[in-house]
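# Dropping a prediction and its sequence here:
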Amino acid sequence: MLAMVASVAFLASCGDDDAPEEENVVEIFTDVTLIFTPDGGGTPVTATASDPDGTGSLPLTVSGPINLAANTTYTLTYTISNALDPNDVEDIGAEILEEDNEHQFFYAFTMDAFSSPMGDGNIGANNQNDPINYNDTDENGCRVGLNTSWTTGDAQSGGTFRTNLQHQPDVKTCTTGSDAGDTDFDLTFTLNIQ
């Protein structure tokens with residue numbers, strides 16, 4: 001009888017070796033910093049958003065305008081973290097990079113604030129193919145947006161710059177727009193070009 005129970009247990013353990021699919025864990029963002037570094041050197045321009053309570057009642061709140069020099073090329077990168085536990089700050093940017101085939105940044109900005117990319121960005125169903133200078137792609141060759149290039153136009157003040165990170169597991173393709181997936185964050189800053 002004992003041998004029969006052991007053999008049934010053995011056969012049951014050999015049946016299905018497939019582990020259950022890992023569930024998508026929602027990232028918590030407490031700090032987002034946009035870093036515009038001038039090509040050829042110079043002091044980077046930063047803009048921040050913070051949410052000290054993570055997924056609590058407070059939203060990510062932007063601080064200060066983005067003040068860029070006119071007719072200058074910048075590389076935009078990010079520092080994104082979860083600092084709910086100050087003794088164990090998580091680098092969410094590294095997680096996004098690791099899951100780059102599930103994430104994409106989209107952008108909207110005041111019309112012609114930049115000479116490159118031209119236009120007003122790629123947020124919205126009608127704009128998804130409008131130009132953005134993505135410097136990074138995922139393993140499928142699709143855009144990510146942790147690193148982009150921007151060349152400002154002439155001086156103007158009181159414009160806007162919007163960055164929208166979409167989480168798109170199982171739906172991201174090289175033509176997927178900003179309306180697909182879930183919004184990780186959507187931030188709008190005042191943009192001044194001086």
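It's in. Numbers count the residues shown, from 1 in each chain.

# three-state assignment of the spatially most central residue of the chain?
Compute the mean C-alpha point of the chain, and by CA atoms, centre = their mean the closest residue is Leu165, 3.8 Å away. Put simply, Leu165 is strand when judged by DSSP: H, G, I helix; E, B strand; the rest coil.

# Pull the number of nearby residues for the closest residue to it other than its chain neighbours.
Closest residue in space to Leu165, ignoring its immediate chain neighbours: Asp184 at 4.2 Å, by CB to CB, 6 or more residues apart in numbering. To be clear about C-beta, it is placed using only N, CA and C from the backbone, and glycine gets the same treatment. As a burial measure, Asp184 scores 21 neighbours (other CB atoms under 10 Å).

# Against which helices or strands is the helix or strand Asp184 falls within packed?
Using DSSP states H and E, Asp184 sits in strand 182-193. Under the contact definition 3 or more CB pairs under 8 Å, 6 or more residues apart in numbering; DSSP states H and E, strand 182-193 sits against strand 31-38, strand 45-50, strand 61-63, strand 66-68, strand 156-167.

# Would you mind confirming that the residue nearest to the centre of the chain is in contact with Phe185?
Yes. The criterion here is CB atoms under 8 Å, and Leu165 meets it with Phe185 at 5.2 Å.

# Just the mean pLDDT for stretch 54-61, thanks.
Average pLDDT, stretch 54-61: 78.

# That one: which residues count as buried?
Within stretch 54-61, the residues scored as buried using 16 or more other CB atoms under 10 Å are Leu60.

# Repeat that for stretch 143-157.
Arg143, Val144, Gly145, Leu146, Thr148, Ser149, Trp150, Thr151, Thr152, Gly153.

# Farthest-apart pair in these, please.
Val144 and Gly153 (25.3 Å; CB to CB).

# For the residue nearest to the centre of the chain, give the beta-bridge partners.
Under DSSP bridges, the beta-bridge partners of Leu165 are Phe105, Phe185.

# How confident is the prediction for it, by pLDDT?
pLDDT at Leu165 comes out at 97.

# same check, this time on Asn67
At Asn67, pLDDT is 98.

# Leu191: what's it in contact with?
Going by CB atoms under 8 Å, 6 or more residues apart in numbering, Leu191 touches Pro65, Ile66, Leu68, Phe109, Thr110, Ala113, Gly159, Thr160, Phe161.

# Now do the same contact list for the second one.
Think Ile66. Neighbours of Ile66 in contact, by CB under 8 Å, 6+ apart: Leu34, Phe36, Val45, Ala47, Phe161, Phe189, Thr190, Leu191, Asn192.

# Show me what it bridges to in the sheet.
Leu191.
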